[in-house]
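Engineer: Pasting the sequence and the predicted coordinates here, then a few questions.
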Amino acid sequence: STFKRFVEVGRVVLLNNGPFEGKIAVIAEIIDHNRAIIDGPQTGVPRQPFAYRHLTLTPLVVKELPRGAGTGTVRKYIEKSGVLAKWEASSWAKRREAVRARARLTDFERFDVMLAKRARRDVTRKAVKAA
């Protein structure tokens, strides 16, 4: 099969919609073909049903998480597997944070970034010309 990420109990998901947009959670139970119960005790996402169309499957999985596990059990398995540290270390999470930080810049901070990029470009251009 060409698919690598499947909807399964223990799959870490990124929420794309609602008040918890941008946070990650874990699938605790599969309801049907359209929804699953997600839980994110360490990320502030309460246990709730969530539609698949409003989340993105990540490559991370909490191994051996039992079906229908309660919030305390989910918390224990997440801590044991170190999923949050793996997510923070991933290039996907780093890129999302960089985009978010760039969007929060003020006009003056954007101006400073422009000047820094110009200075870096000048140094690179002079080094290439000298070589």
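Structural biologist: Arrived safely.
Engineer: pLDDT averaged over the longest helix along the chain - what is it?
Structural biologist: In the chain, taking DSSP state H as the definition, the longest helix is helix 107-130. Here helix 107-130 scores 97 as its mean pLDDT.
Engineer: ok, now stretch 89-97?
Structural biologist: For stretch 89-97, the per-residue pLDDT averages 96.
Engineer: pull the CA atoms of that stretch into PDB?
Structural biologist: Output of stretch 89-97 as PDB, limited to C-alpha atoms (Å, rounded to 0.1, in the frame of the first residue of the first chain):
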ATOM      1  CA  ALA A  89      11.800  18.100  17.500                       C
ATOM      2  CA  SER A  90      10.100  17.500  14.100                       C
ATOM      3  CA  SER A  91      10.700  19.800  11.200                       C
ATOM      4  CA  TRP A  92       6.900  20.100  10.800                       C
ATOM      5  CA  ALA A  93       6.500  21.600  14.200                       C
ATOM      6  CA  LYS A  94       9.500  23.900  13.800                       C
ATOM      7  CA  ARG A  95       8.200  25.200  10.500                       C
ATOM      8  CA  ARG A  96       4.800  25.800  12.000                       C
ATOM      9  CA  GLU A  97       6.400  27.800  14.800                       C
END
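Engineer: for that stretch, the distance to its chain's centre please.
Structural biologist: In this view, stretch 89-97 has its centroid 7 Å away from the chain centroid, taken as Cα atoms, centre = their mean, to the nearest Å.
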